[in-house]
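Novice: predicted model, plus sequence, below.
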Amino acid sequence: MEKTNKKTLQKAFFLFVLVAVLALFFSGVFDFLHDRGKVEDFFQDSGALGPIIYILAFIAAQPLSLPGAALIIPATFVWSWWEVLIYSMIGGIVASTIGFAVSRWIAQDWVRKRLPKKLLKWDQRLSERAFLSVVVLRLVTGYAPAADWALGISKVQWRDFFLGTAIGLVPITALLAIFGDDTVKWVQTAPLVVLGIAAALGCVFFLLKKIRTNDAKD
């Protein structure tokens, strides 16, 4: 009986999420958030409510797969870099957590039953080093909603997801908040360098983990 009720609730919630995403898409929010000039003007005119609206915009952009840079860069013309950093981190973490929770509740059971054994083994390794894996994934993918959905389907615990996301988003958010458009231009002109830096940071994290594990054994 409980399983039946859970499945019914999951289906109802899935329909609700689908309707909400479609409503956002057809309401013009997607086009608006893609227009940097309109976003900048809107936040400049929003006054004291600006930070709250900015955070809500992050949450609305999540299911639409809108890159975080599309919101962060216009915000740099409205607020100081440290304000943009704080507002973006709050908005990004809240949006990612919602995406993670929705994916886990709606899709985890259904998807995992259909995953090949190789992917399940990979998921097992991921969950064994969950915190560091999430940090590295965030360093590479940034605010990409697909990362939230994939982690929601995995066995990664909520605590590891939350802490890993919070730490992993800091570098890209700080770069965008401080340098704005220059960050995007740099990434576009030197993608291999960016990937190299992300890979190097990932190696550092895994080496630190290995050192700590060896110290614990000793």
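Specialist: That came in fine, so what should we check first? Numbers count the residues shown, from 1 in each chain.

Novice: pretty sure residue 162 sits against residue 98.
Specialist: No: Residue 162 is beyond contact range of residue 98, at 11.9 Å (criterion: Cβ atoms under 8 Å). Glycine gets a C-beta too; all of them are placed from N, C-alpha and C.

Novice: not counting stretch 84-104 itself, show me its contacts.
Specialist: Stretch 84-104 is touched from outside by 13, 17, 51, 54-59, 61-63, 68, 71-72, 75-76, 79, 143, 145, 147-153, 158, 161-162, 165-166, 169-170, 173-174, 176-178, with contacts defined as Cβ atoms under 8 Å, 6 or more residues apart in numbering.

Novice: can you name the secondary structure element that comes next after the lowest-mean-pLDDT helix or strand in the chain?
Specialist: Of all helical and strand segments in the chain, the minimum by mean pLDDT, DSSP states H and E falls on helix 29-34, at a mean of 58. Note on helix 29-34: by DSSP states H and E, the next helix or strand toward the C-terminus is helix 36-45.

Novice: now the helices for this protein?
Specialist: Taking DSSP state H to define them, one finds helices in the chain at 2-26, 29-34, 36-45, 50-61, 69-75, 81-112, 117-128, 130-141, 145-153, 158-168, 170-179, 181-189, 191-217.

Novice: can you get me a residue count around residue 46?
Specialist: Neighbourhood size, residue 46 [other Cβ atoms under 10 Å]: 14.

Novice: how about it, what does it touch?
Specialist: So residue 46 contacts residue 53 (Cβ under 8 Å, 6+ apart).

Novice: how close does it get to residue 144?
Specialist: Distance, residue 46 to residue 144, using Cβ to Cβ, to the nearest Å: 26 Å.

Novice: repeat that for residue 125.
Specialist: 21 Å.

Novice: of those two, who's got more company?
Specialist: Under the criterion of other Cβ under 10 Å, the comparison of residue 125 against residue 144 puts residue 144 first, with 17 against 10.

Novice: low pLDDT regions in this structure?
Specialist: Flagging of the chain using pLDDT under 70 yields the residue ranges 1-36, 63-64, 67, 119, 182-218.

Novice: distance check, residue 40 against residue 107.
Specialist: 35 Å.

Novice: ditto for residue 51
Specialist: Taken as Cβ to Cβ, the span from residue 51 to residue 107 is 32 Å.

Novice: how much space between residue 43 and residue 135?
Specialist: 30 Å.
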